[in-house]
Structure formats: structure tokens, C-alpha cells
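Peer 1: Need coordinates for the following:
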Amino acid sequence: MGYLSSCNAESAIAVCDPYNCGFHRRKKPHKTKNNGEIREFAYADLVSATSGFSSGKFLGKGSHGSVYRAVLDNGKLIAAVKKTKMNCNIPADNEIEILSRVYHPRLVNLIGYSSDTLCENQLIVVEYMPNGSLYDLLHSASYKSPGWHMRVRFALQVAKAVRALHSSNPPVIHRDIKSSNVLIDQNWNARLGDFGLALRGQVEDVRFNCTPPAGTLGYLDPAYLEPADVSTKSDVFSYGILLLEIISGRRAIDMNHSPSSVVDWAVPLIEAGDFAAICDVRVGSPKDKEVVRSLTALAARCVRSDAGERPGIVEVVECLTAVRKRVHARPVWSNRRRCVKGVDKSLVRNSRKVSSVTSVVDHDVEATSDRMARTKLITEASAASVVGPDEIGLDDDHMALVRGNRGVETKTPLMKLRKSRSMGFLQSPRPMNQNSKNYVSGIVKRRNLSEFD
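Peer 2: Numbers count the residues shown, from 1 in each chain. You can find the predicted model right below:
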């Protein structure tokens, strides 16, 4: 499945924190923002839940351990258990510490932990993501390549996850944003996971200033050369690489292409305005050309070499929200229609329009002019569209008096049309003779102009 896995072309740089080395004291469980207390599991329960960490339960490799599927609480809870060694457990302790204080629906959240001093194993229990990783969806032949609706949604969801981290108090810098750390849940939503390299605190903190740079080659910020360089803009750079990967379907580093770096390949094309050349050939360009232009321009800003010129993650979310609205917007004139079947086609030739309203023809019901639909109430007979009458008039009771070409005379109240942008035209008088097909009625309803998915 590639759960929390890193591709072979990428090399993860996992660095122990020298400031915290040797510090293994277990802190008391914290309550997350969803009011759920982090659980301390019995080690034996997790061994049983993973069938003894069997190969059949194996999901993949993370940055600092193997991940297994676990069934807990008599089948009520399905989780992922990350197994690491205690002698290298600084990333594991770090992940527990951060995730116990940060909760968000766009993150792979912490459920609990356990440890066994005899076997020197440290276990982290997190939410189970059954649909693999974004890396799998983009690069594995086992998956159908996602379309633009899904790609833009994933990009926005990851950006919201990063925004949640950066806006927490104190802020969290992930330092390892990449497609293999973006996992897909049961509802096909993207979640950001693997916090082994994350830092929590203000940039001025001593911990930040003594932690060597860390991340994954291909996603690592080139401006992050020493501890003092770390900032939230380092995450923005990594996110920009991920966004280029989503747009193009190319890996961050792919030795089968020249240049091998997606940045070195994509940025010159963006600067030249050749946006379509960057799009994944498996899905082509989106129909709305503004979508790909906005996405590529945003990605290019995120990967600027000068960290000060990159946008903040809040601006990234705002841009992607606007793009997603364009992707999901339906054509304005996509109408919902309801028509009455059984119209006698031979009568269409004899139809007479007595107003500017379009007549009802065959099995299709056509809408009235927008001007008519928006501004007028039909209060007289001339506003009706009737198929096949010889005469039409009003009686003293303001009833429509219609004489059909077969001599059938009917009285019917006139239909009023509200001042609504959502309704078109509508109805003709109904004949007294139910066997006659001289008359039809129909309703056309327009989609609200502001309606989106």
C-alpha cells in the first residue's frame, strides 16, 4: 500500500535532536482538542491486535519505523501501529508529544501509545488510512490517475493541514511534507501524517537553534542550510514541490527525466507561460485554463529560492479555495427540466405563439426569455403559450377562455409567475376534454447562478 512509505528515488534524512538526546521521561497523557484522551495501550494488546506484527498486517515503512494494521476494542477500532526501537526513539517521542497537543481533521491524528522495555520497542497508535498515500495515487499503476477535481481537493486539504500546524500555539513546523506522507482516509480525503521530524515551538527557541536541518531530498528547502534557517516558509517550499507533483504527475526527483528535479523542469515552463506542458499527460489540461495557470503560478511562488518571497500558508489556502470553486463550478445555463410527455407531434405545426414566451415543442420544454422570467408576472392571457388554440380571451372572472381547433372550450385560471431568477415559463390551459392532446404544460427550472458543488 505504501503506507507512510518513501519512494526509492527519495532519501529521508532523519536526524535525532541533540538538545533532547537522552531525555526519555514519559510525560502524562494529554487531552487533544477533540476532547479525547490519548490512550496508553497495554503492549500485549497491540501485539495481539497486529497478529504479532505479522507480514499480513504490514502496511509500510515510515521515517522511523514499520507500520501495521491493528484491530482493537473487539473490532470497533481499526488503527495503524508504528513500531520503533527505543534506542532511536527521539522521533517517536517527538511525534507523540506533538500529536498529543494538536488535533485536526486534515491530520493523521494520534490515538495512543505503548512501550515495552524488555523488547525495547516503542509503539505509536494513529488513525488508520485505508486508501494508501497520495504518492500511490499519483505514481502507482495499481491506481487510476485522479482527475482535476480530486487533485485540487487534495492540494487544498493538505494546505489546510499545514495551516492548522502553523497557526497552532506554539506553531508546528512539519519539515517532511511529501506525497508519501499524505494519506487518504476512508472518505477519500487527504490527511498529513508522520511527525517524527516536526518541531513545535517558536523559531527563537534554543531547541530550534540546535536541531540540524532535516527532511527529504527533492522536497528539502534549499534555504534551510543550518538550524537558524528553519521557519514555516520551509514547509511552504516543500508544499510547493508537492503541488508541482500533483499538477504534473512527476516525482519530486526522477532520474528517468532530465532535468531530474521537478522544480528545475517546471519553473522555466511556468515562466515561459507554457502551463499546459506541465499538466499530467494522463488527464490533460483542465477545461478552464485559468485553473492550471493559477495552480502553476502558486507553485512557482512557493518554491522561490528566497524564503521571504514565498507566500504564507494562509494565502496558499485562499488561492486554492478560489481555484477549487472554478473547478467545481457548473455551467450557468445547465437547467433542470421537467416536461409532460405525450404531445401530439402533428399539432406542433399548428402551434401559435401569443407572446414572447417560447412554445413547448415535442418532448423538450424550452425556457422563456430571461427578461420575461425575471421581471414580469403573467396576469393576462397574452402571457400564456398555447399549442393549437383558435381563439383566446378573458371572461369577467379573469379566467382564460380558450377555444381549441376541435371546438373544445375551456376555462382555466391564469398562472402567476413569481419574480424569480430560478423559474422560466411554465403552463398553458388544461383542456376539459382529457382525451385531447391539443394542450400541453411544462415547467422549466433554472439552476441558481451562485450554486456550486
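Peer 1: Show me this protein divided up by domain.
Peer 2: Here the domain parsing of the chain from the TED database is 39-127, 132-328.
Peer 1: what does the average pLDDT come to for the longest one?
Peer 2: When the per-residue pLDDT values of domain 132-328 are averaged, the result is 93.
Peer 1: quick revisit: switch the domains of the chain over to a markdown table; also include mean neighbour count.
Peer 2: Yep, even glycine has a C-beta here, placed from its N, CA and C like the rest. Below are the domains of the chain laid out as a markdown table (neighbours: other CB atoms under 10 Å):
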| stretch | mean neighbour count |
| --- | --- |
| domain 39-127 | 19 |
| domain 132-328 | 19 |
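Peer 1: just the helices in this structure please.
Peer 2: For the chain, applying DSSP state H gives helices covering 43-49, 90-99, 134-139, 148-166, 206-209, 232-248, 262-271, 289-302, 313-328, 345-348, 370-375.
Peer 1: Can you say which of those is nearest to Phe195?
Peer 2: helix 90-99 (4.4 Å; CB to CB).
Peer 1: how far away is the closest residue to Ser238 other than its chain neighbours from Leu72?
Peer 2: Spatial nearest neighbour of Ser238, excluding adjacent residues (CB to CB, 6 or more residues apart in numbering): Ile177 at 3.9 Å. Using CB to CB, to the nearest Å, Ile177 is found at 29 Å from Leu72.
Peer 1: got the helices of the chain as CSV, with distance to Val67 columns?
Peer 2: Converted to CSV, the helices of the chain look like this (distance: least, CB to CB, whole Å):
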stretch, distance to Val67
helix 43-49, 12
helix 90-99, 12
helix 134-139, 14
helix 148-166, 19
helix 206-209, 27
helix 232-248, 21
helix 262-271, 26
helix 289-302, 29
helix 313-328, 27
helix 345-348, 66
helix 370-375, 57
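Peer 1: Identify whichever of these lies nearest to Arg106.
Peer 2: Using CB to CB as the measure, helix 148-166 is the one of the helices of the chain that comes nearest Arg106, at 3.8 Å.
Peer 1: Report the separation between the nearest residue to Glu120 once chain neighbours are set aside and Pro212.
Peer 2: In this structure, Glu120 finds its nearest non-sequential neighbour in Met86, 4.4 Å apart by CB to CB, 6+ apart. Distance, Met86 to Pro212, by CB to CB: 22 Å.
Peer 1: give me every residue that touches the residue nearest to Ser238.
Peer 2: Val158, Val162, Leu192, Tyr219, Asp235, Ser238, Tyr239, Leu242 (CB atoms under 8 Å, 6 or more residues apart in numbering).
Peer 1: Now do the phi/psi pair for it.
Peer 2: The phi and psi values for Ile177, taken as degrees, to the nearest 10, are phi -70, psi 120.
Peer 1: Just to check, Gly201 is in contact with Pro170?
Peer 2: Yes: applying CB atoms under 8 Å as the test, Gly201 and Pro170 come out as touching, 4.8 Å apart.
Peer 1: Number of residues surrounding Arg37?
Peer 2: Actually, residue 37 is Glu rather than Arg. Counted with other CB atoms under 10 Å, the neighbours of Glu37 add up to 11.
Peer 1: what is it paired to in the beta sheet?
Peer 2: With DSSP bridges applied, Glu37 shows beta-bridge pairing to Lys31.
Peer 1: How about Pro311: what's its closest non-neighbour residue?
Peer 2: Nearest to Pro311 is Arg301, by CB to CB, 6+ apart, at 5.5 Å.
Peer 1: quick one: that neighbour from Asn169, how far?
Peer 2: From Arg301 to Asn169 the distance is 27 Å (CB to CB).
Peer 1: One more: Cys302?
Peer 2: Distance, Cys302 to Asn169, by CB to CB: 24 Å.
Peer 1: Same check on Val262?
Peer 2: Distance, Val262 to Asn169, by CB to CB: 34 Å.
Peer 1: re earlier: which of the contacts of Ile177 lies closest to Leu118?
Peer 2: Using CB to CB, the contacts of Ile177 come closest to Leu118 at Leu192, 33.7 Å.
Peer 1: can you pull up the bridge partners for that closest one?
Peer 2: Beta-bridge partners for Leu192, by DSSP bridges, are Leu107, Val182.
Peer 1: pretty sure it is touching Arg163, no?
Peer 2: No: assessed by CB under 8 Å, Leu192 is found out of contact with Arg163, at 10.6 Å.
Peer 1: ok, Asp176 - contacts?
Peer 2: Per CB under 8 Å, 6+ apart, neighbours of Asp176: Ala12, Ser63, Asp194, Gly196, Leu197, Ala198, Ala214, Gly215, Thr216, Tyr219, Ser238.
Peer 1: average pLDDT across stretch 95-105?
Peer 2: The model assigns stretch 95-105 a mean pLDDT of 92.
Peer 1: quick one: terminal-to-terminal distance for that stretch?
Peer 2: End-to-end distance of stretch 95-105: 17 Å, with CA to CA, to the nearest Å as the criterion.
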